[in-house]
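Visitor: the following block contains a protein sequence and its predicted model.
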Amino acid sequence: MIFSDFKFILFFLALYVIYWVFIKGITARKSFLLGSSYLFYSLWDYRFLVLVLCCTAINYAAGIMLDNKNLDRKWVLVSGILANLVLLGFFKYFNFFINSAAEFLTWLGFAPHLSSLHIILPIGISFFTFKAMSYCFDVYHKDLTPAKNILDFSLYIAFFPQLLAGPIERATHFLPQLRSPKTFSGMDTRMGINLFISGFIKKAIISDNISPVVDKVFSNVSSFSATASSIAVILYTIQIYCDFSGYSDMANGVTRMLGYKVVPNFQFPYFSPNIAVFWRRWHITLSYWFRDYVYIPLGGNRGSKWSGYKNVLVTMLLCGLWHGAGWNFIIWGGLHGLAIVVHRIWRNIGILKNNLLEVLCKPFSYVITIYFVCVGWIFFRSDSLSDSLLMLKRFMFFDQGGDQKISVYWLLFSIFVIAEYGLYVVFEKSKKDFLLPNWAYCIVVGALISVLLLFVPLEERPFIYFQF
């Protein structure tokens, strides 16, 4: 049951009515949301609900112990973080490291007998374990008072709009909201509906219609021409943004309609003048997680410039590994790390300190940034390293390759979506709000939904980030 599925719409409408109409009192409403969140996760696979409960218990206990002055707080923190990493590492990375070790030993001339396990990746595990670890770090650094109320902490970990694919909400932002009663707000409902519809358009109308074409090309790279491959790369660049930012919009919209607020997860990343700005706008909650809990503890930009560059590379390699247990993801993270380092070196050299030169070069910086992001997505999307290199030849060097083509319609579709995205950016930056009367708003939303349903593909496709 994904957010763009009609079954979820019915699920949420029932929850929404019960939550606001029949449930009274702050504790009763939080209990209802927690039970609904557990039910929502159980509909995916009830067996993995145990992992959510274990994660909740471990980190709740860690928070309480971190507040105990008689205990070694550093030891408690290390134990809590290791417990989360073991949980995440076993399910997500065990087979990757076993297979990589076996390949390395074989390359050295040994004949290892290392067996991988048939492990199913629990959906959302990367997100709720990272939320839990951020809580432990914040309590340790005394940025947050540990949660004494187990109901509040359980809801923070399991809150269903964020449980499956984020955003990775900080406890410092979410837990205080749980301490005050929620009152119904028509404006919050409108904002939530607007966000949900925006996300639905991105996911169900754009991403899901692009997906079959992208899958077709990337699953058989050698058969397609350079033109078809290049269009597929552009389409995937659109698809992954619409898919993940669409999820984030829908999650934030649902959260808003329940009286809570979460931080935005995307801020027009494809309109970034350099790669550093891109990472301040793309998957913002993850970017800031790695900045605060990996990059800065490693030393950040303190010390020598080379030390700062090393910290960037380590952080981005780990960011790549977070996205998936595969060398393609590690290479993708390493490429972005190198790009950030190159950008810093370029900035430190100060070639563009001349104002006129900077103005003249600025348009090219946007083009270079988005071109590099597209190159990176090739490694992110490809099924293997060999496919990545072959697609790279098609996209960067226009190596002709196969003779299969895809319709020019998809190129026109890409241009149309990019143009619409540009207009949306301009509209958002204008900060203009058009407030319709309630009756007119309902008519407009109803008509819009009726039209949108005509373009929803029949085949349901899960969100891309569910696999992470």
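Guide: Cool, the structure landed. Numbers count the residues shown, from 1 in each chain.
Visitor: rest of the way, CA atoms for contacts and neighbours
Guide: Fine.
Visitor: since we're on Ala447, how many residues are nearby?
Guide: Per other C-alpha atoms under 10 Å, the neighbour tally for Ala447 reads 11.
Visitor: same question, the one 10 residues further on
Guide: When neighbours are defined as other C-alpha under 10 Å, Pro457 has 13 of them.
Visitor: wait, a strand at it?
Guide: No - under DSSP: H, G, I helix; E, B strand; the rest coil, Pro457 sits outside any strand and is assigned coil.
Visitor: ok, now how distant is Phe372 from Asp215?
Guide: In this view, Phe372 and Asp215 are 21 Å apart by C-alpha to C-alpha, to the nearest Å.
Visitor: so where's the stretch 51-200 of the chain shaky on pLDDT?
Guide: 95-97, 99-119 (pLDDT under 70).
Visitor: just the helices in the stretch 301-450 of the chain please.
Guide: Applying DSSP state H, counting those that start in this stretch to the stretch 301-450 of the chain gives helices spanning 305-323, 327-349, 355-381, 385-397, 409-429, 438-452.
Visitor: output those helices in JSON lines, with mean pLDDT appended to each entry.
Guide: Compiled in JSON lines, those are given as follows (pLDDT from 0 to 100):
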{"stretch": "helix 305-323", "mean pLDDT": "93"}
{"stretch": "helix 327-349", "mean pLDDT": "91"}
{"stretch": "helix 355-381", "mean pLDDT": "83"}
{"stretch": "helix 385-397", "mean pLDDT": "91"}
{"stretch": "helix 409-429", "mean pLDDT": "70"}
{"stretch": "helix 438-452", "mean pLDDT": "70"}
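Visitor: next, format those as JSON lines and append distance to Gly124.
Guide: As requested, the helices of the stretch 301-450 of the chain are exported to JSON lines (distance: least, C-alpha to C-alpha, whole Å):
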{"stretch": "helix 305-323", "distance to Gly124": "12"}
{"stretch": "helix 327-349", "distance to Gly124": "18"}
{"stretch": "helix 355-381", "distance to Gly124": "19"}
{"stretch": "helix 385-397", "distance to Gly124": "26"}
{"stretch": "helix 409-429", "distance to Gly124": "29"}
{"stretch": "helix 438-452", "distance to Gly124": "28"}
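Visitor: which one of the ones you listed lies nearest to Leu71?
Guide: Across the helices of the stretch 301-450 of the chain, Leu71 has its closest neighbour in helix 305-323 (30.4 Å, C-alpha to C-alpha).
Visitor: list the buried ones in the closest one?
Guide: For helix 305-323, burial by neighbour count (16 or more other C-alpha atoms under 10 Å) applies to 308-323.
Visitor: please state the offset of that helix from the chain centre?
Guide: Distance of helix 305-323 from its chain centroid, counting by C-alpha atoms, centre = their mean, to the nearest Å, is 18 Å.
Visitor: and what of stretch 44-62?
Guide: The answer for stretch 44-62 is 21 Å, by C-alpha atoms, centre = their mean.
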